[in-house]
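K.L.:
Just to be clear, the model below is a prediction. Sequence and coordinates:
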Amino acid sequence: MELHPAARTVAVDVLVGGAQSRSQLAKKMGLSPATLTRIVRPLLDAGVLVESGAVRTPGRGRSSLPLDVVADDYRFIGVKLTTDSIYAVVTDLRAQILAVETVAEPSLEVPDVVGAVAGIVARLSARAGRPVDAVGVTVGGRVDNGETVADSPYLHWHDVPFRTLLAREVPAPLYLANDVVGLTMAQQWFGYGRSHADFALLTVGAGVGYGLVIDHQVVPTLTSPVSHLPVDPYGPVCARGHRGCLSAYITSGAMTAYVAQAHGRLLTYDEVLALARDGDPAALRVVREAAHALGRTVAAITAFTGVERIIVSGEGVGLADVAPDAVRDGRLDHACGEGAGLEPIIDRMDFTEWARGAAVVAIQSEFPARLRPVS
């Protein structure tokens, strides 16, 4: 059964915002009560929405009963691929994590990864307690048309029809997306961006990721222009030969290489941060310059897009904890007007949260596009 666009809007609003009365929804959407009731009827008939409190509060008028979803009636699986590991979760409709599994990547050969992901989906499906509605998988790199991993520098894949290959092994509806897109969707419906029509997400770590939501819609973005944003024309050179771009300052590989060169030995990113905390001159300078570049990028995103809420995350975001004043200075050096007072939200989300983002790719793709019969 096809949904009226307004019915989808109502269903999503209830899912994201929680139980609401008909009068609240009608007022929010600018509809008459009669029109809202007509829009809601097929959602109730199909069990997409329910009248919460109908049993707990007998005797109340039908129209005053709040509408809600039964989140536990649904199961979604989210899978995030990294170079080293596969992270997977089972969630309900509101992306509450119910089970977690992490396995090492057997190799980066495509058939091996397909087999490993199919195996983890099968195991989590057995633990889900209900039939799995859909599966979302995310990877770092460019994904074309939800089908092909066009370019993943982390998996070393090019033009791999991964969704098609995996769909042969996974019986549930399957969705493939870029990992930053998934994390952005999770923040949009169930995270820091939930109450904001417009926000941006910036992730830092092995690479730089960028997600943007305008007027409640995820805007297709290209990572490269942001990751190579000019920061200092006299700065260091990145792997692509750009002088002083964001990647030359802020990626974990660049930062560890600079400090390792100063110390004459190999270092990990965590060791670089620890050295900076302890006041090591080389590490502290590298971390502070990276933090300043991060702040400058936050200011640039606000200037280019006008968004007031910017979320900064990723496995490399610990640099902001070491040098928060440098992040602030970088932002204030290039912010003006109202933008000067807009502090970013900084939260290091682990890979389980990225897997949750993959589940939200599936949730947003499935709900409430297909009306299910009441179970």
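P.N.:
Arrived safely, thanks for sending. Predicted, not measured: the structure shown is a model, and the values here were computed from it. Residues are numbered from 1 along each chain as shown.

K.L.:
which ones are touching the closest residue to Gly253 other than its chain neighbours?
P.N.:
For Gly253, ignoring the flanking residues on the chain, the nearest one in space by C-beta to C-beta, 6 or more residues apart in numbering is Ala206 at 6.4 Å. For every residue, glycine as well, the C-beta is placed using N, CA and C. Ala206 sits next to Gly140, Tyr154, Thr251, Ser252, Gly253, Glu315, Gly316 when contact means C-beta atoms under 8 Å, 6 or more residues apart in numbering.

K.L.:
was I right about the fourth one contacting Gly316?
P.N.:
Yes - the criterion here is C-beta atoms under 8 Å, and Ser252 meets it with Gly316 at 4.8 Å.

K.L.:
Need the overlap of contacts for the two.
P.N.:
In contact with both Ser252 and Gly316: Val204, Gly205, Ala206, Tyr269, using C-beta under 8 Å, 6+ apart.

K.L.:
Below-threshold pLDDT in the stretch 1-150 of the chain: ranges please.
P.N.:
Low-confidence segments of the stretch 1-150 of the chain, defined by pLDDT under 70: 1-2, 54-64.

K.L.:
for it, what spans make up the strands?
P.N.:
In the stretch 1-150 of the chain, strands defined by DSSP state E, counting those that start in this stretch lie at 50-51, 67-68, 76-81, 85-91, 97-104, 134-139, 142-144, 148-152, listed in chain order.

K.L.:
so which of these gets nearest Asp333?
P.N.:
With C-beta to C-beta as the criterion, Asp333 lies closest to strand 142-144 of the strands of the stretch 1-150 of the chain, at 32.2 Å.

K.L.:
So what are the sheet partners of the closest one and their directions?
P.N.:
Paired strands of strand 142-144, with direction, are strand 148-152 (antiparallel) (DSSP bridges).

K.L.:
Starting from the partner strand, tell me the next helix or strand along the chain.
P.N.:
Following strand 148-152 in sequence order, the next helix or strand is strand 157-160 (DSSP states H and E).

K.L.:
I'd like the next helix or strand past that following strand.
P.N.:
Counting by DSSP H and E, the next helix or strand C-terminal to strand 157-160 is helix 162-167.

K.L.:
Which residues does that next one contact?
P.N.:
Residues outside helix 162-167 that contact it (C-beta under 8 Å, 6+ apart) are 110, 113-114, 117-118, 137, 139, 146-149, 174-176.

K.L.:
List the buried residues in that helix.
P.N.:
For helix 162-167, burial by neighbour count (16 or more other C-beta atoms under 10 Å) applies to Phe162, Arg163, Leu166, Ala167.

K.L.:
Could you do stretch 183-198 as well?
P.N.:
For stretch 183-198, burial by neighbour count (16+ other C-beta under 10 Å) applies to Leu183, Thr184, Met185, Ala186, Gln187, Gln188, Trp189, Phe190, Gly191, Tyr192, Gly193, Asp198.

K.L.:
Can you give me the end-to-end span of that stretch?
P.N.:
Length of stretch 183-198, first residue to last, C-alpha to C-alpha, to the nearest Å: 15 Å.

K.L.:
So for that stretch, mean pLDDT?
P.N.:
The predicted model gives stretch 183-198 an average pLDDT of 96.

K.L.:
In helices, which of the buried residues of stretch 183-198 appear?
P.N.:
Counting by DSSP state H, the part of the buried residues of stretch 183-198 found in helices is Leu183, Thr184, Met185, Ala186, Gln187, Gln188, Trp189, Phe190.

K.L.:
Among those residues, find me the one that's closest to Arg41.
P.N.:
For these, the residue nearest Arg41 by C-beta to C-beta is Trp189; the value is 24.3 Å.

K.L.:
For the closest one, which residues are in contact?
P.N.:
Per C-beta under 8 Å, 6+ apart, neighbours of Trp189: Val12, Leu15, Val16, Ala95, Val360, Ile363, Gln364.

K.L.:
picking that back up, now, of the strands of the stretch 1-150 of the chain, which is deepest in the fold?
P.N.:
Of those, the one with the most neighbours on average (mean count of other C-beta atoms under 10 Å) is strand 76-81, at a mean of 30.

K.L.:
Compute the inter-axis angle for that one and strand 85-91.
P.N.:
Orientation check (axes from the mean of the first three to the mean of the last three C-alpha atoms, to 10 degrees): strand 76-81 against strand 85-91 gives 170 degrees.

K.L.:
who does strand 76-81 pair up with?
P.N.:
Within its sheet, strand 76-81 is paired with strand 85-91 (antiparallel), strand 134-139 (parallel), according to DSSP bridges.

K.L.:
returning to what we had before: any chance of the buried residues of helix 162-167 in TSV, with pLDDT and distance to Tyr234 too?
P.N.:
Below are the buried residues of helix 162-167 laid out as TSV (pLDDT from 0 to 100; distance: C-beta to C-beta, whole Å):
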residue	pLDDT	distance to Tyr234
Phe162	98	41
Arg163	98	44
Leu166	98	46
Ala167	98	50
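
K.L.:
Do a quick rundown of the strands in the stretch 201-350 of the chain.
P.N.:
208-214, 217-219, 310-313, 345-346.

K.L.:
Let me have the ones you listed in a markdown table, extended by mean pLDDT, distance to Pro5 and mean neighbour count.
P.N.:
Putting those into a markdown table (pLDDT from 0 to 100; distance: least, C-beta to C-beta, whole Å; neighbours: other C-beta atoms under 10 Å) gives the following:
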| stretch | mean pLDDT | distance to Pro5 | mean neighbour count |
| --- | --- | --- | --- |
| strand 208-214 | 95 | 19 | 22 |
| strand 217-219 | 93 | 13 | 13 |
| strand 310-313 | 97 | 28 | 24 |
| strand 345-346 | 96 | 31 | 17 |
